[in-house]
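Visitor: here you go, sequence then predicted model.
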Number of protein chains: 2
Amino acid sequence: MTGSREPVRYRQVAADLRQAVAADAYGPGGRLPSEEALARQYQVSRGTIRQSLALLRHEGVVTSRRGTRRVVLESPPLQDFAELLSFSRWARAVGERPGGRVVREEHRPATPEEQRQLRLEPQAPVYWVLRLRTLTDCPVMVERTAYPQAVGALVSGMPPEAVSVTELLERHGIVLADADHTIDLVLAEAEDAELLGCPVGSPLLRERRRTTDPAGVPVEWSEDRYLPGTVAFTMHNSLASTALTRSRATVPAEAEPEAGS
Amino acid sequence: MTGSREPVRYRQVAADLRQAVAADAYGPGGRLPSEEALARQYQVSRGTIRQSLALLRHEGVVTSRRGTRRVVLESPPLQDFAELLSFSRWARAVGERPGGRVVREEHRPATPEEQRQLRLEPQAPVYWVLRLRTLTDCPVMVERTAYPQAVGALVSGMPPEAVSVTELLERHGIVLADADHTIDLVLAEAEDAELLGCPVGSPLLRERRRTTDPAGVPVEWSEDRYLPGTVAFTMHNSLASTALTRSRATVPAEAEPEAGS
DNA sequence: GAGTGGTCTAGACCACCCT
DNA sequence: GGGTGGTCTAGACCACTCC
């Protein structure tokens, strides 16, 4: 059994503290007990407590500063990684019913962009699929995803009714471990407009994402276009750990300056 | 002297490894030496090496998996936290000349939204300022920022020619330690359009941001609107640490369902 | 089964905040 | 100066990957 969930000690402690914070046990702007006190309380070493607190710090739940107790921050309801990557899980988590359908699919050689993103050899085949995603029957997003052949074989064999690709992949032992996201704005093309039911040229929020497995091997490369007003992306970062970056937008209409112009 | 920079050991090691990776010392998709080997190499304990590697892992530079050596990931050029928060620093980092001017400023009681974001008492005064930001003389963003009074006093005393608020705050000992960002899409209002030189109603990429100091006290609350094509936001996250969240867009003006019990 | 990263411990010293 | 978090050490054992 792969799924032998039994959280390790520091995660249990972290979960407990997270919940305590959420339950307002220390008050907003309140202070946590000292690490040593927590170590006694949970019967673990200080090192383990520090591992727990590192999690909370990265999540933006508490501060950390030499010399003073940790302070409870606003606790933005963080989604776990699985919810972030899976449209279906996210939809359920926010109380909506996820839906969608495959609009078009192709087996074909990778484009230069796909080669780069999925780290493939030139001409390597990919499985590419265009899906329309709905939230409680309301179209909110079009998704264009390329998978390397091995993964694509699994995905393309999926029943058309299946909603969650992510969950399918998991059942086949493919673990999504890391993702890079780029968020910007594009104008709806004819195809987008038709599917989303919006005028051609109307603005859409675009998320491009490359996801890799624990070994660093790319598993999917996706471009998602959201109808405005349906989603926002939020993130937390801190001096200690920066995950967010602001970059100059990639100017050209299509992909990177690459081969084209 | 506040700025007694002298990186601690694990950061030195991390910087060294980061550079080695960037210099392609291990090849793309290559493997790092084992933790023990690195510990010997750098003459530190394994614990210290692990601290260094944790940094790189959070940055998305390497993977980590039980049982195998760490694998070098695509290395997205990460900006440090300072560059992320400061328009001026960012501009310089991407080779542009930062500019801008104060369009309007107000000293007034906080709006309900500002109260919440800056954790102020009702009617507490804020300093609010509207700036137009330029990249090499080209308007790219309008920024509407509210500061709590204490901070505002510093900012409002700033020479109108000064470009970097962030650097000013730093010189006064205010450290920006944590930030929450929300990214979505809005349509240009009359004021935006006039300043940015775009049509009213044209789409803009919006970043709302609350920044706090190391004690968790809010320092600024800002809404920035970017002309499309000028920026993109990119981020990295992993199973180990999630900083990014996708949320339903905030539809109503105010009001959170907040189950009060 | 050897190699490797993940977890945990117990203790040490230091840098910093606060009173 | 006492309390607290940040850094570092040295060792232990376990879980997993890969040969």
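Guide: That came through fine.

Visitor: A:Ala15 is in contact with A:Val8, isn't it?
Guide: No: counting by CB atoms under 8 Å, A:Ala15 stays clear of A:Val8, with 10.9 Å between them. (Each C-beta comes from the backbone N, C-alpha and C, glycine too.)

Visitor: between those two, who's got more neighbours?
Guide: Neighbours per residue (other CB atoms under 10 Å in any protein chain shown) separate A:Ala15 from A:Val8, with A:Ala15 holding more: 14 against 10.

Visitor: so that one, which of the three states?
Guide: With DSSP: H, G, I helix; E, B strand; the rest coil as the basis, A:Ala15 sits in helix.

Visitor: skipping adjacent residues, who's closest to it in space?
Guide: Distances taken as CB to CB, 6 or more residues apart in numbering or on different chains put A:Pro7 closest to A:Ala15, at 7.1 Å, once the chain neighbours are dropped.

Visitor: now for that neighbour, how many residues are close by?
Guide: Using other CB under 10 Å: A:Pro7 sits among 10 other residues.

Visitor: check contacts around the residue of the stretch 101-250 of chain A found nearest DNA strand D.
Guide: Per CB to the nearest atom of the strand, A:Ala215 is where the stretch 101-250 of chain A lies closest to DNA strand D, at 6.2 Å. For A:Ala215, the contact set (CB atoms under 8 Å, 6 or more residues apart in numbering or on different chains) comprises B:63, B:65, B:68, B:71.

Visitor: what does the pLDDT read for it?
Guide: Turning to A:Ala215, the model gives it a pLDDT of 88.

Visitor: show me where the stretch 151-261 of chain A has helices.
Guide: Ranges of helices in the stretch 151-261 of chain A, per DSSP state H, counting those that start in this stretch, are A:165-171, A:190-196.

Visitor: can you list the residues of the stretch 51-200 of chain A near chain B?
Guide: By the rule CB under 8 Å from any CB of the partner chain, the part of the stretch 51-200 of chain A lying against chain B is A:55, A:58-60, A:63, A:65, A:68, A:71-74, A:76-81, A:83-84, A:90, A:94, A:119, A:175-185, A:187.

Visitor: check those against DNA strand C, which are close?
Guide: A:65, A:68 (CB under 7 Å from any atom of the strand).

Visitor: just the ones of the residues of the stretch 51-200 of chain A next to chain B in strands?
Guide: Among those, DSSP state E puts A:178-185, A:187 in strands.

Visitor: how about those, which pair is most distant?
Guide: Within those, A:Asp178 and A:Leu187 form the most distant pair, 30.1 Å apart (CB to CB).

Visitor: which one of the two is surrounded by more residues?
Guide: A direct count of neighbours by other CB under 10 Å for A:Asp178 and A:Leu187 places A:Asp178 higher, at 24 against 17.

Visitor: what parts of the stretch 51-200 of chain A come near DNA strand C?
Guide: Residues of the stretch 51-200 of chain A lying near DNA strand C (CB under 7 Å from any atom of the strand): A:51, A:65-68.

Visitor: just the buried ones out of those residues, please.
Guide: A:Gln51 (16 or more other CB atoms under 10 Å in any protein chain shown).

Visitor: where do the strands of chain A begin and end?
Guide: Going by DSSP E, chain A shows strands at A:98-109, A:125-135, A:138-148, A:178-187, A:203-212, A:218-226, A:231-238, A:244-248.

Visitor: how many neighbours does A:Gln149 have?
Guide: 15.

Visitor: pairing partners for the closest residue to it other than its chain neighbours in the sheet, please.
Guide: Excluding its sequence neighbours, the residue lying closest to A:Gln149 (CB to CB, 6+ apart) is A:Pro125, at 4.9 Å. On the basis of DSSP bridges, A:Pro125 is bridged to A:Pro109.

Visitor: residue contacts, A:Pro125?
Guide: Going by CB under 8 Å, 6+ apart, the list of residues near A:Pro125 reads A:107-110, A:149, A:152.

Visitor: could you redo the last one with a cut-off of 10 Å?
Guide: A:107-110, A:148-149, A:152 (CB atoms under 10 Å, 6 or more residues apart in numbering or on different chains).

Visitor: pLDDT value on it, please?
Guide: So A:Pro125 comes in at 95 (pLDDT).

Visitor: in JSON lines, list the ones in strands among the residues of the stretch 51-200 of chain A next to chain B along with pLDDT.
Guide: Below are those laid out as JSON lines (pLDDT from 0 to 100):
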{"residue": "A:Asp178", "pLDDT": "89"}
{"residue": "A:Ala179", "pLDDT": "90"}
{"residue": "A:Asp180", "pLDDT": "88"}
{"residue": "A:His181", "pLDDT": "89"}
{"residue": "A:Thr182", "pLDDT": "89"}
{"residue": "A:Ile183", "pLDDT": "91"}
{"residue": "A:Asp184", "pLDDT": "92"}
{"residue": "A:Leu185", "pLDDT": "95"}
{"residue": "A:Leu187", "pLDDT": "96"}
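
Visitor: from those residues, list the buried ones, please.
Guide: Buried among those (16+ other CB under 10 Å): A:178-185, A:187.

Visitor: interface residues of chain A facing DNA strand D?
Guide: Residues of chain A lying near DNA strand D (CB under 7 Å from any atom of the strand): A:4, A:32, A:34-37, A:47, A:50, A:53, A:64-70, A:215.

Visitor: now that we have the residues you listed, which of them are buried?
Guide: A:32, A:35, A:53, A:64, A:69-70.

Visitor: for chain A, give me the ranges with low pLDDT.
Guide: Flagging of chain A using pLDDT under 70 yields the residue ranges A:1-6, A:75-78, A:160, A:242-244, A:247-261.

Visitor: and the residue of it nearest chain B?
Guide: Closest residue of chain A to chain B, CB to the nearest CB: A:Pro203 (3.2 Å).

Visitor: for that residue, which non-adjacent residue is closest in space?
Guide: Using CB to CB, 6+ apart, the nearest residue to A:Pro203 is B:Pro203, at 3.2 Å.

Visitor: residues near the one you found, how many?
Guide: B:Pro203 has 22 nearby residues by other CB under 10 Å.
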